[in-house]
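>>> Starting from these lines, generate the structure:
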Amino acid sequence: MKRTALFLLVLTFLVAALGACAPAPEPTAQPIHLTDDLGRAVSLPAAALRIVSMAPSNTEILYAVGAGAQVIGRDEFSNYPPEVLDLPSVGGSMGSYNIEQIISLQPDLVLAAEINTPEQVKALEDAGITVYYLGNPTDLAGVYANLSTAGALTGHAEDAAALVDDLQARVAAVEAKLAEVSERPTVFYELDGSDALKPWTAGPGTFIDLLIGIAGGQNAAADLGGAWGQLSLEALLVADPDFILLGDAAYGVTAEQVAARAGWESLSAVQNGRVLPFNDDWVSRPGPRLVDALEALAQVLHPEVFD
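As a prediction, the model looks like this:
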């Protein structure tokens with residue numbers, strides 16, 4: 001009798017232990033229903049596992065939320081993170097994409113952006129491919145929303161939420177350090193200075209303008225009258241920026257070349273050696289690296305706070 005009772009006790013313990021060690025059941029795939037930024041209802045039977053990205057910002061967003069392994073194709077301008085260069089390119093030069101190649105990759109989702117036309121979206125839809133159109137945000141809240149959307153589409157909602165929390169904390173840390181700073185240096189951000197008399201720059205409504213402000217600076221082109229445009233040399237001389245940031249440094253433009261431009265030699269930024277290269281990808285792609293740009297800008301404009 002005692003042996004029987006002992007056997008039953010041991011058996012009960014083993015069953016309980018095995019139950020505790022058993023792997024948790026796989027979650028049931030849940031359909032996804034969202035409305036994209038073209039106002040279209042988009043449905044997926046489950047999280048997308050084969051994704052083609054049609055824009056560099058989308059590619060960076062997908063990798064940032066943890067869905068990089070699910071990306072099977074990308075536009076030709078996507079170059080970050082570096083491993084995306086190993087993926088097949090579906091075009092994008094001059095707005096032309098290889099629709100046939102996209103179809104041949106058999107994606108379960110194409111993530112489009114504002115650089116893609118409604119006609120391109122329709123062509124893919126007509127081929128039976130699910131397309132989600134992710135619009136360009138105009139502020140950091142919109143970037144966070146796009147990250148959350150990408151997380152929902154790819155089964156990485158928790159990763160996306162954690163990323164958003166981290167980005168918001170980093171922005172808050174910059175703002176806190178600059179809270180007591182009163183001096184706001186003037187910044188000229190050069191997009192294209194091939195015409196030294198009328199260089200292209202960024203005005204209100206751009207992330208460049210937004211980030212300069214958050215980083216404790218003033219945009220020399222704040223009165224440009226539009227998001228993108230040319231600022232005359234006369235207006236630049238009046239603004240006399242404390243810093244000139246070269247978004248066109250990737251194309252070989254240097255501080256020495258800027259200093260050699262006729263009329264530019266009198267600018268404070270040139271005289272004080274504050275003509276600096278800047279990674280334009282950080283600010284031209286509405287993705288998580290915008291916060292990298294903010295931190296870099298704040299350190300350039302206010303090194304005394306961040307040393």
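>>> Contacts made by the longest helix seen in the chain with the rest, please.
Looking across the chain with DSSP state H, the single longest helix is helix 157-178. If you take Cβ atoms under 8 Å, 6 or more residues apart in numbering as the criterion, helix 157-178 is touched by 64-66, 140, 143-144, 147-148, 150-152, 214-216, 288, 291, 294-295, 298, 302, 305-306. All C-beta atoms are positioned from the backbone trio N, CA, C, and that covers glycine.
>>> Rounded mean pLDDT for it, please.
Mean per-residue pLDDT for helix 157-178: 98.
>>> ok, now stretch 52-67?
pLDDT averaged over stretch 52-67 gives 98.
>>> which parts of that stretch are buried?
For stretch 52-67, burial by neighbour count (16 or more other Cβ atoms under 10 Å) applies to 52-67.
>>> Pick out the most distant pair among those residues.
54 and 66 (19.8 Å; Cβ to Cβ).
>>> coming back round to it: the contacts of helix 157-178 in helices, which ones?
64, 140, 143-144, 147-148, 150-152, 214, 291, 294-295, 298, 305-306.
>>> Can you tell me which of those residues is nearest residue 90?
residue 150 (18.4 Å).
>>> what's the distance between residue 297 and residue 182?
18 Å (Cβ to Cβ, to the nearest Å).
>>> More neighbours: those two, which one.
residue 297 (26 against 5; other Cβ atoms under 10 Å).
>>> need the contact list for the more buried one.
187, 211-212, 215, 217, 245.
>>> Neighbour count and pLDDT added to those, as TSV?
Below are those laid out as TSV (neighbours: other Cβ atoms under 10 Å; pLDDT from 0 to 100):
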residue	neighbour count	pLDDT
187	31	98
211	27	98
212	31	98
215	23	98
217	26	98
245	28	98
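>>> ok, of the residues you listed, which one's closest to residue 131?
Among those, and counting by Cβ to Cβ, the member closest to residue 131 is residue 211, at 30.2 Å.
>>> remind me which residues of the protein are low pLDDT?
1-28 (pLDDT under 70).
>>> which residues of it fall in helices?
Using DSSP H, helices in the chain cover 2-21, 56-64, 99-104, 118-126, 140-154, 157-178, 207-214, 233-239, 255-259, 268-271, 280-284, 289-301, 303-306.
>>> Adding distance to residue 132, write those out as JSON lines.
Listed next are the helices of the chain as JSON lines, based on distance: least, Cβ to Cβ, whole Å:
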{"stretch": "helix 2-21", "distance to residue 132": "40"}
{"stretch": "helix 56-64", "distance to residue 132": "9"}
{"stretch": "helix 99-104", "distance to residue 132": "14"}
{"stretch": "helix 118-126", "distance to residue 132": "9"}
{"stretch": "helix 140-154", "distance to residue 132": "6"}
{"stretch": "helix 157-178", "distance to residue 132": "14"}
{"stretch": "helix 207-214", "distance to residue 132": "22"}
{"stretch": "helix 233-239", "distance to residue 132": "41"}
{"stretch": "helix 255-259", "distance to residue 132": "42"}
{"stretch": "helix 268-271", "distance to residue 132": "42"}
{"stretch": "helix 280-284", "distance to residue 132": "22"}
{"stretch": "helix 289-301", "distance to residue 132": "21"}
{"stretch": "helix 303-306", "distance to residue 132": "38"}
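>>> tell me the most buried of those helices?
When the helices of the chain are scored by mean count of other Cβ atoms under 10 Å, the highest mean neighbour count falls to helix 56-64 (a mean of 26).
>>> Can you give the domain ranges for the protein?
Domain segmentation of the chain under automatic domain parsing yields 32-172, 180-306.
>>> quick one: terminal-to-terminal distance for the longest one?
Using Cα to Cα, to the nearest Å, the end-to-end distance of domain 32-172 comes out at 32 Å.
>>> again with the shortest one
Chord length of domain 180-306, first to last residue, is 13 Å (Cα to Cα).
>>> just stretch 125-145 next, same as before
End-to-end distance (Cα to Cα), stretch 125-145: 24 Å.
>>> Please apply the same query to stretch 174-184.
15 Å.
>>> what's the distance between it and the middle of its chain?
Centre-to-centre, stretch 174-184 and its host chain are 25 Å apart (Cα atoms, centre = their mean, to the nearest Å).
>>> Stretch 265-278 too?
28 Å.
>>> Sort out which residues of it are buried, please.
By neighbour count on 16+ other Cβ under 10 Å, the buried set for stretch 265-278 is 267, 269-270, 274-275, 278.
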